[in-house]
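A.B. asks: My questions are about this predicted structure, shown below with the sequence.
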Amino acid sequence: MISSLQLKNFKSIKSKLFPLRNLNILLGLNGQGKSSFIQALLLLRQSEKPDLSQLRLQGGETGLVNIGTANDLLYQFTDDDFIDYEIKFQKADSMALRYAYEHEADIVKAITPLSPVESEIIIDEALFTNRFQYLTAQRVEPKSGNATSSSSVMEGNSIGKYGQYTAHFLELRGNEDIAFTNTLHDRSKTIETLFETSTVSSSLISQVNLWLNELSPGVSVHTKKISSDIVLLEYEFVQPTLGKTNRFKPENVGFGISYALHVVTALLSAKEGGLVIIENPESHIHPRGQVELGRLIALVADNDVQVIIETHSDHLLNGIRVGIKQQKLDCQKAIAFYFQKVIEETEQYSDVLNIEFDAMGELSDYPKGLLDEWSTQLMNLM
């Protein structure tokens, strides 16, 4: 688990130490620097060098992020010609990395790469292993035929950064039990009255369906591999008097369920010691569903898992807050970072406020622009 990350001269982040917890929530208006923080981590994973001796700024089609060149990476208003990282993992001392700025280079090289001892330590960290899951805000569109990738799904434990392998992931790994019992849905237990026995459905596919029901009541997901490179994805719904409906193509159901499917699968497939990064998990989802996603995020983060969420949703944040109040997540395991742009006469940069949670789900700070849009618009209607 990453204990802290300090960045200097990284895009709009002039200098900031981020003390990280199990759950890390990135908040703020668009264009304030939230994505830059995520990109800093993605670049480390994308470097493919155990000593992190270079950062590849162009990941291409198969990479995680495309920054551009060093001109796009270096903080615009600095006189320095370097970018600094200082990263601390839970079981190691802080590790300092300084990367040299080279005009228009798409690879930046470390002036101070990691030592062999440090390199040996980090190769077991989730950021560099198959216990890593990342979902970008731009997810794959709903469609019946979905791509396969056994290497990503079985070896990498990944649904793909766009969620493009979610259907294949559920087809291959759907019958595996999820890792954490506290994330089992409340309706996981089935009671057989005749024999007075009960069973708990703890498989990934059953839990995905149960949690999706919080977003769209009665829905269930079905997958079937129809060729070596295509998996069929369909949805059906419970019809109270007739059993179940016909199966529907994702294109005929709407974006919300398909977008939620990727997010729920990423969260429920998390392993012990894992790292899950999700941008805008609330996309295309009804406010009630956003609250339930917040509750699931809180449950996942209460385990030995690190979750980083970038969100614009008051509903999702409030779902997490309620989860804390209901003791689903220890408040000491969560922190929020509120990003806002500071504009001065000679420069502008991201100012980041650390926001703590108390046991009642209250926040240590309520900066202007956070959780106030609802009341602002109500006042405009009066």
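C.D. replies: Perfect, thanks for sending it. Residues are numbered from 1 along each chain as shown.

A.B. asks: And the strands in the stretch 201-350 of the chain?
C.D. replies: Taking DSSP state E, counting those that start in this stretch as the test, the strands found in the stretch 201-350 of the chain are 219-227, 230-239, 243-244, 274-279, 305-310, 334-343, 348-356.

A.B. asks: Mind listing what's buried along the second one?
C.D. replies: Put plainly, it is strand 230-239. 230, 231, 232, 233, 234, 235, 236, 237 (16 or more other CB atoms under 10 Å). Using the backbone N, CA and C atoms, a C-beta is placed for each residue, glycine as well.

A.B. asks: With only the CA atoms kept, save that strand in CSV.
C.D. replies: Taking Å, rounded to 0.1, in the frame of the first residue of the first chain, the C-alpha atoms of strand 230-239 are listed here in CSV:
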residue,chain,number,x,y,z
ILE,A,230,-15.7,-12.5,-28.8
VAL,A,231,-17.8,-12.8,-25.6
LEU,A,232,-21.6,-12.2,-25.7
LEU,A,233,-23.0,-9.9,-23.0
GLU,A,234,-26.7,-9.7,-22.3
TYR,A,235,-29.1,-8.5,-19.6
GLU,A,236,-32.4,-9.8,-18.3
PHE,A,237,-34.8,-8.6,-15.7
VAL,A,238,-37.1,-10.2,-13.2
GLN,A,239,-40.8,-9.9,-14.1
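
A.B. asks: So what's the gap between that strand and the chain middle?
C.D. replies: 25 Å (CA atoms, centre = their mean, to the nearest Å).

A.B. asks: Next, the angle strand 219-227 makes with that strand.
C.D. replies: 160 degrees (axes from the mean of the first three to the mean of the last three CA atoms, to 10 degrees).

A.B. asks: Residues contacting strand 230-239, please?
C.D. replies: Outside strand 230-239, the residues that touch it by CB atoms under 8 Å, 6 or more residues apart in numbering are 143-148, 167-168, 171, 216-226, 244-250, 253, 257.

A.B. asks: Confidence-wise, which of the strands of the stretch 201-350 of the chain is weakest overall?
C.D. replies: Ranked by mean pLDDT, the strands of the stretch 201-350 of the chain bottom out at strand 243-244, with a mean of 84.

A.B. asks: Show me what that strand is in contact with.
C.D. replies: Contacts for strand 243-244 (CB under 8 Å, 6+ apart): 220, 236, 237, 238.

A.B. asks: That one pairs with which strands, and in what direction?
C.D. replies: strand 230-239 (antiparallel) (DSSP bridges).

A.B. asks: which one of the contacts of strand 243-244 is nearest residue 323?
C.D. replies: Within the contacts of strand 243-244, proximity to residue 323 (CB to CB) peaks at residue 220, which comes in at 24.9 Å.

A.B. asks: now the helices for this structure?
C.D. replies: Counting by DSSP state H, the chain has helices at residues 34-46, 70-73, 116-122, 150, 166-173, 204-212, 255-268, 287-301, 314-325, 373-381.

A.B. asks: Mean pLDDT, distance to residue 98 and mean neighbour count for these - can I get that in JSON lines?
C.D. replies: Shown next, in JSON lines, are the helices of the chain (pLDDT from 0 to 100; distance: least, CB to CB, whole Å; neighbours: other CB atoms under 10 Å):
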{"stretch": "helix 34-46", "mean pLDDT": "96", "distance to residue 98": "14", "mean neighbour count": "22"}
{"stretch": "helix 70-73", "mean pLDDT": "96", "distance to residue 98": "13", "mean neighbour count": "18"}
{"stretch": "helix 116-122", "mean pLDDT": "91", "distance to residue 98": "14", "mean neighbour count": "14"}
{"stretch": "helix 150", "mean pLDDT": "93", "distance to residue 98": "39", "mean neighbour count": "12"}
{"stretch": "helix 166-173", "mean pLDDT": "96", "distance to residue 98": "38", "mean neighbour count": "25"}
{"stretch": "helix 204-212", "mean pLDDT": "96", "distance to residue 98": "42", "mean neighbour count": "22"}
{"stretch": "helix 255-268", "mean pLDDT": "95", "distance to residue 98": "33", "mean neighbour count": "23"}
{"stretch": "helix 287-301", "mean pLDDT": "96", "distance to residue 98": "32", "mean neighbour count": "23"}
{"stretch": "helix 314-325", "mean pLDDT": "96", "distance to residue 98": "35", "mean neighbour count": "22"}
{"stretch": "helix 373-381", "mean pLDDT": "78", "distance to residue 98": "40", "mean neighbour count": "8"}
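
A.B. asks: Let me have those in TSV, extended by distance to residue 136.
C.D. replies: Formatted as TSV, these follow (distance: least, CB to CB, whole Å):
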stretch	distance to residue 136
helix 34-46	9
helix 70-73	18
helix 116-122	23
helix 150	22
helix 166-173	13
helix 204-212	20
helix 255-268	10
helix 287-301	17
helix 314-325	17
helix 373-381	25
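
A.B. asks: Which among those helices is found nearest to residue 61?
C.D. replies: Taking these one by one with CB to CB, helix 34-46 is closest: 12.7 Å.

A.B. asks: now the closest one, how far from the centre of its chain.
C.D. replies: In terms of CA atoms, centre = their mean, the centre of helix 34-46 is found 12 Å from the chain centre.

A.B. asks: follow-up on the earlier one: so of the strands of the stretch 201-350 of the chain, which one's packed in deepest?
C.D. replies: Stretch with highest mean neighbour count among the strands of the stretch 201-350 of the chain: strand 305-310 (a mean of 25; mean count of other CB atoms under 10 Å).

A.B. asks: Note down every partner strand of that strand and its orientation.
C.D. replies: By DSSP bridges, strand 305-310 pairs with strand 23-27 (parallel), strand 274-279 (parallel).

A.B. asks: Out of the helices of the chain, which is closest to residue 337?
C.D. replies: Of all these, helix 34-46 comes closest under CB to CB, at 7.4 Å.
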